[in-house]
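Asks: Any chance you could fold what I've pasted below:
(one chain, ligands or ions: 1)
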Amino acid sequence: MSENKQIPQHIAIIMDGNGRWAKQRGKDRSEGHFAGMMALRETVKSAAHRGVKYLTVYAFSTENWGRPQAEVDALMELVCKGVEMNTPELRQEGVKVAVIGDRSRFSESVNSALDRIISQTAEGEKMTLVLALNYSSRSEITAAVQAIARRIATGELKAEDIDEQLISASLYTASLPDPDLIIRTSGECRLSNFLMWQAAYAEFYFTDVLWPDFGDEQLAEAIKAFGARDRRYGLVK
Ligand code: FPP
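Replies: This next block holds a predicted model:
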């Protein structure tokens, strides 16, 4: 938690509803994703100004490769375009970008765009924006278990050394605090393979707003709802 208990230190967002937003307007799904990127831009600025320290967004899941190739291509292009369009403002706002997920499946152009935004925003101290790309919780946990098993095989670790801290430290999110608040837009109320380990004590906020319509006002509402929650972490007050 941040010093101000009303403001979550780490917010994670499942940005859902780009396709429906486009359909309602007779537009192509890729236009919905572009509008989603603009919503993300506004939300990042709003979160940083409100004192949020970490904002993690589910931008591309391991399951999203199964979408029509044209949509996958449009999303990959959007990553490159997003880097180009947003790096100057992120630098100006003091926002540092990090990526979680398996980057090995991305093209060279996507990976070099990601390297660019990571290195050009590395000095940002106000907030960290974490892009979950080719991410899923199950694949993250599987990779962590494999890494731990390899360390046991070399004799570096014993089975008894495995504890919650070691598991947390073996995930992509090793350097991040757990999310305090998880937001999902578009009326869907599920976690969809996102931060399942890290969400152990997160508060959930679901809204019917479609992601492209999300922004400063909607984030303020989510933070207000969070402030009214009573977090007991399994204890008695
Ligand atoms: C879910 O909406 C959204 C996605 C799978 C992509 C999220 C991407 C962005 C918001 C673009 C900006 C971010 C980056 C870094 C590329 P959906 O397509 O599942 O919507 P639907 O459920 O209404 O069809």
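Asks: When you work out contacts or count neighbours from here on, use the C-alpha atoms and nothing else.
Replies: Fine.
Asks: how many neighbours does Trp197 have?
Replies: Trp197: 17 surrounding residues under other C-alpha atoms under 10 Å.
Asks: Touching, it and Ser137? I think so.
Replies: Yes - contact criterion C-alpha atoms under 8 Å: Trp197 and Ser137 qualify, at 7.4 Å.
Asks: Which pLDDT value belongs to the most far-flung residue of the chain relative to its centre?
Replies: Largest separation from the mean C-alpha position in the chain: Gly155, at 34.5 Å (C-alpha atoms, centre = their mean). Looking at Gly155, its pLDDT reads 98.
Asks: Helix, strand, or coil at it?
Replies: With DSSP: H, G, I helix; E, B strand; the rest coil as the basis, Gly155 sits in coil.
Asks: Would you mind checking the average pLDDT for the helix ranked longest in the chain?
Replies: Secondary structure of the chain per DSSP state H: the longest helix is helix 69-93. For helix 69-93, mean pLDDT is 96.
Asks: distance between it and the chain's centre?
Replies: 15 Å (C-alpha atoms, centre = their mean, to the nearest Å).
Asks: try stretch 188-198
Replies: Chain-centre distance of stretch 188-198: 11 Å, with C-alpha atoms, centre = their mean.
Asks: Check what contacts that stretch and list those residues.
Replies: By C-alpha atoms under 8 Å, 6 or more residues apart in numbering, the residues outside stretch 188-198 that reach it are Tyr58, Tyr135, Ser136, Ser137, Arg138, Ser168, Asp178, Pro179, Phe206, Asp208.
Asks: now it: mean pLDDT?
Replies: Mean pLDDT, stretch 188-198: 98.
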